[in-house]
Every structure is written in structure tokens, then in C-alpha cells.
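Peer 1: This is a predicted model, with the sequence first.
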Amino acid sequence: MAPSLHPLLDNGITPGSPSFPGGALKCLCKSSPVEVTLTSNVLHNHACGCSKCWKPAGALFSIVGVVPKANLSVTANADKLAIADESAVIQRYACKECGTHLYGRIEKEHPFHGLDFVHAELSDEKGWQEPQFAAFVSSVIEQGFDPAQIGGVRERFRELGLETYDALSPGLMDAIATWTGKKNGKLPA
Ligand SMILES: N[C@@H](CCC(=O)N[C@@H](CSCO)C(=O)NCC(=O)O)C(=O)O
Ligand SMILES: [Zn+2]
Ligand SMILES: [Zn+2]
């Protein structure tokens, strides 16, 4: 049987709404959940196979997107948040009780500084941007996924209409490279 990629992918992708205004994300605690409110839709929403992005139980991939950090505020139970891995580039604020990641923020100089990483599935509302591509697909092998089965995973993504990459999408990799080229003086600022 094919493994669960993610509950939002397994039964086909539901398109989001371009006019969706954002909403509240909540952790999985039954009582006193941490709540984060977003005042915009997510951008660059994608499946991520990396070892650090939060995945729901049983899923092989995370679904993660970004919002400008000015569009995100913690609106309830902020005292339950702690950084999951202080050494990671993306400082992921996780609920200390249920382990769910509410948002990830980059504090250092980085092409994605100013963007927060979030999981729109933590919202009950409909209209969040649908996943656009699958990133870091080969990274699931590092976490124990059978390399002989990875072709089937890529095929499943393609059936869903998502391209698979082993880093980010070409558009995002180009944006990173442009930022780096400007920083090192090889491109005009
Ligand atoms: N194979 C490694 C690396 C994965 C990786 O570089 N992940 C990216 C994307 S996460 C969201 O798309 C990244 O920027 N990581 C920095 C961080 O997570 O702090 C692995 O699987 O861990
Ligand atoms: Zn929680
Ligand atoms: Zn990731």
C-alpha cells in the first residue's frame, strides 16, 4: 500500500481561494491550545520532506507555507511555546505539550528573513493556498524511508499534479541565488 504522504494530499488536492484573508491556527491540545492569527493567506505552500518541519502523525511529508512576519501574531497561550531546535536556521516555535509547530522564524541574515513558516492545516477555515510543489523529497530517506520506494512517492506527487524537487522549487532556488549574488557583489544590488 502507498504510504500516506499527508492527509491533505492523500485524497486529492482541494484548491484554495485567492481572496482568502487568513485566519487562526491552533495547536492540537484539547484544552488551552496555542493560537496564532494570520492576516493573509500563505504563499509558496509546499510539501516538505525535510527532517525538521512538523508533520502530522503518520504522514511522510509536512505541508508548509510562508507569510510575512508582520502578518502573524500569537493570540492565545503564548506561554506554551518553546523553540524546537535552537541550532536550526528556522527557529520553530512548538507547543511544549502537544509538540505541534505553530510558526518558524528566521532571525539571522538569510534570503527568507522576514517570512514565517506555518502549517495552514492547523486552521479549521477553508481557502488556504493549496500545495504547489514537493520539496526535499529525497530527505525522507535520511529519516528511514526505503530508498527503493522513493520512485513511487515521486509518481504519487506527479499524479496529484505536484512537481518533486530535492531542494526547493526552481523559482525559490533562483530567489535564493539572486539574494546571494547581490550579497557577494556578483549581481547589481
Ligand atoms: N536534508 C536536510 C535538509 C533539509 C533543508 O535544508 N530544509 C530546508 C527547507 S524547510 C522548509 O521548506 C531548510 O531551509 N531548512 C532549514 C531549517 O530547517 O532550519 C533535512 O532533511 O534536514
Ligand atoms: Zn499544544
Ligand atoms: Zn522542511
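Peer 2: Okay, I see it. This one's a predicted model, so the numbers in the text were calculated from it and none came from an experiment. Ligands and ions are numbered 1, 2, ... in the order given.
Peer 1: Where does the residue nearest the centre of the chain sit: helix, strand or coil?
Peer 2: With distances taken as C-alpha atoms, centre = their mean, the residue of the chain nearest its centroid is Val64 (1.5 Å). Under DSSP: H, G, I helix; E, B strand; the rest coil, Val64 falls in the strand class.
Peer 1: is it in a bridge, and if so with what?
Peer 2: For Val64, the beta-bridge assignment (DSSP bridges) gives partners His46.
Peer 1: surely it meets Leu122?
Peer 2: No: Val64 lies out of contact with Leu122 (C-beta atoms under 8 Å); the separation is 11.0 Å. Every residue, glycine included, has its C-beta placed from N, CA and C.
Peer 1: quick one, what contacts the residue nearest to the centre of the chain?
Peer 2: 45-46, 48, 53-54, 104, 117-119 (C-beta atoms under 8 Å, 6 or more residues apart in numbering).
Peer 1: So which of the residues you listed are in helices?
Peer 2: The subset of the contacts of Val64 located in helices under the criterion DSSP state H is empty.
Peer 1: With respect to Ala175, which of those residues is nearest?
Peer 2: Distance to Ala175, by C-beta to C-beta, is smallest for His46 among the contacts of Val64, at 13.7 Å.
Peer 1: Let me know the distance separating the closest residue to Gly161 other than its chain neighbours from ligand 3.
Peer 2: Once flanking residues are discounted, Gly161 sits nearest to Ile13: 6.9 Å by C-beta to C-beta, 6 or more residues apart in numbering. Separation of Ile13 from ligand 3 (C-beta to the ion, to the nearest Å): 19 Å.
Peer 1: Go back to the contacts of Val64 and keep what's next to ligand 3.
Peer 2: 48, 53 (C-beta under 5 Å from the ion).
Peer 1: From the contacts of Val64, which land in strands?
Peer 2: 45-46, 48, 104, 117-118 (DSSP state E).
Peer 1: Out of those residues, flag the one nearest to Ser31.
Peer 2: Distances from Ser31 to the ones in strands among the contacts of Val64, taken by C-beta to C-beta, are shortest for Val118, at 22.4 Å.
Peer 1: All set, thanks.
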